[in-house]
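Q: predicted model, plus sequence, below.
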Amino acid sequence: MSEALEQNLKLITEKGQILALDGILHGIEKEGLRTDAQGAISQTDHPASLGSALTHSHITTDYSEALLEFITPAFSESSAALQFLQELHCYAYQHLGDEELWAASMPCQIAGEDAIQIARFGSSNVGRLKYIYRIGLEHRYGKMMQAIAGIHYNFSLPETLWPVLRELQGSQENLQAFRSAGYFKLIRNFRRSSWLLLYLFGASPALSSSFMLGRDHDLQQWDEDTLYRPYATSLRMSDLGYSNKAQSGLNICFNHLDSYITTLTQAINTPYPAYQKLGVKTDQGYKQLNSNVLQIENEYYSDIRPKRVALSGEKPVHALRERGVEYIEVRNTDINPLLPLGIDQQQADFLDAFLVTCLLSDPTDVNSHECDLVNRNNGLVVNRGREPGLTLTRNDQQITVPEWGKLILSDIHKTAAVLDQVSGDSRYSDAVSAQQLKLDDPHLTPSAQILDRMKASGLGYQAFVLQQSRKHRDTILSSGLTAEQQQYLEKLSVSSAEEQRQIELSDSLDFDTYLANYLAQ
């Protein structure tokens, strides 16, 4: 990565274009299970006082009725996104009664799949589509996997940066094509180095034994209710979490926008025998939206996605094709149960420096061999990342985790120094230096800290996370809301409910026709 990075940073600084990096946009999406006071998954409906899960712009549900999702706007300062996220938590707590928000990625103890209620979004066509998509996920992968929660970090470079980079690099592409190509270069380099994020920030080394009920596994027993791997960093991102046989054979290409759209569209339109056998619609209703490998684009599980805000009723892949990449979504971030929000400012600052480094580094494509190595390295790190002497494969050579990590951090330090000039402080360099300590001492990683605290407290996974959930609830509620933000969120809850009602009243097509039209785009 170093040569291309140094050249680009030199061009930016020597040409006096550092301020082109000012104005990076950040948004955060965070999921979290609602539980009852004892830490069992909630059996109640999405609180009506939080507004409509279909139309509320900041508070919705993901797969399950109990799986809340908070969505911040995009802010030029990550601190503002984190503050807004805290305010959403605070507002939600005001309306949850004695319920808790589970403070970890891997779910609480769940008696069985029948305890997981699929999210409902009302009677409109769009609401029914969202519900049936989730029915399809149940039939394809089971409900338990859909109870996992995570944090998505949305990131976009300033629009002023792209013409500067295009001129500095002597590109003749139109600006939209150049921007999309830049984001895909970022994605390629992210995938090469994303194992480091899993090591540094992975926070799911243990899980409830109920998650593996009826499934074969080789996890170790912590206690009667807890399973773990002693050196794991992120079991959420392992084959215990987001994985499935149908998608294992997909060859989604992240090298360029055209190849990404082509391979993803192929998966959306390719029938899968097991899903054909399941059927789409029976006398009991829809079982899935279609019988293809992917029902829709969002079904593809990946640790990073190119994104573009779609128009109403527009498919994401169509938005990308027409208007190019607008931002990227980092999806491999665990909820850290040691932090009130599951993520903090230092982690956000490091992610910014990491992602800018990916943008300005090695422009080469990822071939199929390297792609296999990327998957292998990630698999080793999520399951054994803190294991002494563990080696990964870099340029077909074996290298230890600390050795490779330090090489990557050396590059990120160079980017951080430039970002510090933009921000007028040292917070980016400080964030990188803090990660170096985790490479020097694996016991400082969140995954190790969680196991250490469980051991010191004598608690298993369920009791430990419930304890943390209660603690974070008290911390966040004590921060309170400004009168202005309280009023804003209260008004939004009311207006979102009315917006859902108007959508339901305005539907003019029967659902079968609506679905056929949507899938035909």
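A: Thanks, I have it.

Q: CA atoms for contacts and neighbours, from now on please.
A: Noted.

Q: tell me if Ile476 really is in a helix.
A: Yes - applying DSSP: H, G, I helix; E, B strand; the rest coil, one finds Ile476 inside a helix.

Q: that one and Ser469 touch, don't they?
A: No - Ile476 sits out of contact with Ser469 when judged by CA atoms under 8 Å, with a separation of 10.6 Å.

Q: these two: which is more packed in?
A: Ser469 (23 against 19; other CA atoms under 10 Å).

Q: any idea how far the spatially closest residue to Asn332 that is not a sequence neighbour lies from Thr233?
A: Leaving aside its chain neighbours, Asn332 sits nearest to Asp303 (5.0 Å; criterion: CA to CA, 6 or more residues apart in numbering). Distance of Asp303 to Thr233, computed by CA to CA, to the nearest Å: 15 Å.

Q: what about those two, which has more around it?
A: Thr233 (31 against 17).

Q: give the contact list for that one.
A: Each residue near Thr233 by CA atoms under 8 Å, 6 or more residues apart in numbering is listed here: 198-199, 201-205, 381-386, 446-448.

Q: how about a cut-off of 10 Å?
A: Neighbour list for Thr233: 197-206, 334, 380-386, 445-448 [criterion: CA atoms under 10 Å, 6 or more residues apart in numbering].

Q: show me what the helix or strand hosting Gln347 is packed against.
A: According to DSSP states H and E, Gln347 maps onto helix 345-359. Packing partners of helix 345-359 (3 or more CA pairs under 10 Å, 6 or more residues apart in numbering; DSSP states H and E): helix 2-14, strand 25-35, helix 78-94, strand 151-156, helix 175-201, strand 327-333, helix 401-423, helix 427-440.

Q: if we use 6 Å, what do you get?
A: helix 175-201, helix 401-423, helix 427-440 (3 or more CA pairs under 6 Å, 6 or more residues apart in numbering; DSSP states H and E).

Q: now the angle from it to helix 401-423?
A: Put simply, helix 345-359 runs at 100 degrees to helix 401-423, going by axes from the mean of the first three to the mean of the last three CA atoms, to 10 degrees.

Q: what comes into contact with helix 345-359?
A: Helix 345-359 is contacted by residues 185-186, 189-190, 412, 416, 428, 431-432 when judged by CA atoms under 6 Å, 6 or more residues apart in numbering.

Q: taking helix 78-94 as reference, get the angle to it.
A: Using the same axes, to 10 degrees: helix 345-359 against helix 78-94 is 130 degrees.

Q: before we move on, back to that, now, the most widely separated pair of the contacts of helix 345-359?
A: Farthest apart among the contacts of helix 345-359 by CA to CA are Lys185 and Ala431. That separation is 23.6 Å.

Q: picking that back up, the residue nearest to Asn332 touches Thr333, doesn't it?
A: No - using CA atoms under 6 Å, Asp303 is not in contact with Thr333; the gap is 8.6 Å.

Q: looking at this protein, which helix or strand is least sure?
A: Lowest on mean pLDDT, DSSP states H and E among the helices and strands of the chain sits helix 245-248, with a mean of 60.

Q: ok, residues contacting stretch 19-29?
A: Contacts to stretch 19-29, defined as CA under 6 Å, 6+ apart, come from residues 70-76, 78, 81, 151-158, 160-161.

Q: how far out from the middle of the chain is it?
A: Relative to its parent chain, stretch 19-29 has a centroid offset of 17 Å by CA atoms, centre = their mean, to the nearest Å.

Q: can you check stretch 40-57 too?
A: With CA atoms, centre = their mean as the basis, the mean position of stretch 40-57 lies at 21 Å from the chain mean.

Q: list the contacts of Val432.
A: Contacts for Val432 (CA under 6 Å, 6+ apart) come out as Phe350.

Q: pLDDT score assigned to it?
A: Predicted confidence (pLDDT) at Val432: the value is 98.

Q: His413 now?
A: So, for His413, pLDDT stands at 98.
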